[in-house]
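Test case, fold it:
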Amino acid sequence: MAPRNGSKTAGERTRKEHQDSESTQRTNGTHQAKSRKQSDRTTGSAGSDKSLHPVEEDSTSGDRMQVDGEPESGGDLDEVAILKAKLAKAEQARAAAEASLAVGHNNEQTVKTLVKPPGSAGDRQRGYKLRYEMELRGKKGKKLYNEILESVRMYAIQAGLDLKTTYRNQDHQKLGNVFAMVRSVHPYMTQDRFPADWAAAAMLKQFLSNHRSWLRRNGRLETAGSQKGKRRAENGNDSRSSSNSSDDGDGNGGLPTED
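Got it, this is the predicted structure:
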């Protein structure tokens, strides 16, 4: 009887150990299932968050290119600020280009010196045609020539020149004022191009000569001939001599344009 009881006890012990092992396996399986379930929930939550918040792509792989000097503000860019930055950059580039062009133009620009030709302006036989000698040809050149001529006339009156006397008898300071004002209004009349302001002086001589002729024609300027005639009449010369003197001083003759 004792051996059977001992054998039975050993068998029961074996069965119990087997049951305990199965119980442990079931417990472990339950824990593993719970772990997998928890992992699935975590993975699903991460996927959901990813779909709600997509990962921002690298700016170099997208269609949009980063502009130098452009403000970076992530996905919430201010378009007005970007446009202002681009405009400021373009303005800087334009200003730099204009400055470079101006420097190059000043370095390369040379003024051709025009020397006064012999003779007098307007003298067809021994003189020259002033506008051509000033190299103001064509419609634009003629327009500029007339503008300069008008300025010379206007500033001669403004400077207070004596319109009844010759160029040689004018006040030198007043002549200098006329030429300075002409140069200030017309950059083409620089002294580098026309030494000693000879072109403006030629215009002024023509103006003074023509104005004196007009005064003589209208009896507002006595000629040398008329003054001689008066003196002869006063001295008792005959009427013929007086008449000849009057004819010599009628002012219609052409005094040659003064040099």
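
What ranges in the stretch 51-200 of the chain fall below the confidence cut-off?
By pLDDT under 70, the weakly predicted segments of the stretch 51-200 of the chain are 51-77, 79-80, 83-84, 86-88, 90-91, 93-109.

Please repeat the previous calculation with a cut-off of 80.
51-109 (pLDDT under 80).

In it, mark out all the strands, start to finish.
Here the stretch 51-200 of the chain has no strands by DSSP state E, counting those that start in this stretch.

Please name the nearest non-neighbouring residue to Arg137.
Excluding the flanking residues, the one nearest Arg137 by C-beta to C-beta, 6 or more residues apart in numbering is Arg131, at 7.5 Å. Just so you know, the C-beta spots here come from the backbone N, C-alpha and C atoms, and that holds for glycine as well.

Which residues lie in contact with that neighbour in this structure?
Taking C-beta atoms under 8 Å, 6 or more residues apart in numbering, we find Arg131 in contact with 137, 141-142, 145.

The residue nearest to Leu136 when sequence neighbours are not counted and Ser213, how far apart?
Excluding its sequence neighbours, the residue lying closest to Leu136 (C-beta to C-beta, 6+ apart) is Tyr145, at 4.5 Å. Separation of Tyr145 from Ser213 (C-beta to C-beta, to the nearest Å): 21 Å.

Neighbour count for those two, which is higher?
Between Tyr145 and Ser213, counting by other C-beta atoms under 10 Å, Tyr145 is the more crowded of the two (19 against 16).

Surely that one and Met134 touch.
Yes - with contact defined as C-beta atoms under 8 Å, Tyr145 reaches Met134; the gap is 6.7 Å.

re earlier: okay if I get the contacts of Arg131 as CSV plus distance to Pro195?
As requested, these are exported to CSV (distance: C-beta to C-beta, whole Å):
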residue, distance to Pro195
Arg137, 21
Gly141, 20
Lys142, 24
Tyr145, 19
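
So how do I select the buried members of those residues in ChimeraX?
Here is the ChimeraX command that selects only those of the contacts of Arg131 that count as buried (16 or more other C-beta atoms under 10 Å):
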select :145
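
List the ones among the contacts of Arg131 that fall in helices.
Members of the contacts of Arg131 lying in helices (criterion: DSSP state H): 141-142, 145.

between those, which is closest to Ala156?
Tyr145 (16.7 Å; C-beta to C-beta).

how near is the residue lying closest to Met203 once chain neighbours are set aside to Ala199?
Excluding the flanking residues, the one nearest Met203 by C-beta to C-beta, 6+ apart is Val152, at 4.4 Å. Separation of Val152 from Ala199 (C-beta to C-beta): 9 Å.

residues near the closest residue in space to Leu215 that isn't next to it in sequence, how many?
With sequence-adjacent residues excluded and distances taken as C-beta to C-beta, 6+ apart, Leu215 is closest to Leu221, at 3.6 Å. For Leu221, the neighbour count with other C-beta under 10 Å is 17.

Then Thr113?
The number of residues near Thr113, taken as other C-beta under 10 Å, comes to 11.

dump the residue contacts of the residue nearest to Leu136.
130-131, 134, 136.

Quick check: the two most widely separated of these?
Across these, the longest distance by C-beta to C-beta is 8.9 Å; it joins Leu130 and Leu136.

Surely Tyr188 is in contact with Lys143?
No - counting by C-beta under 8 Å, Tyr188 stays clear of Lys143, with 11.9 Å between them.
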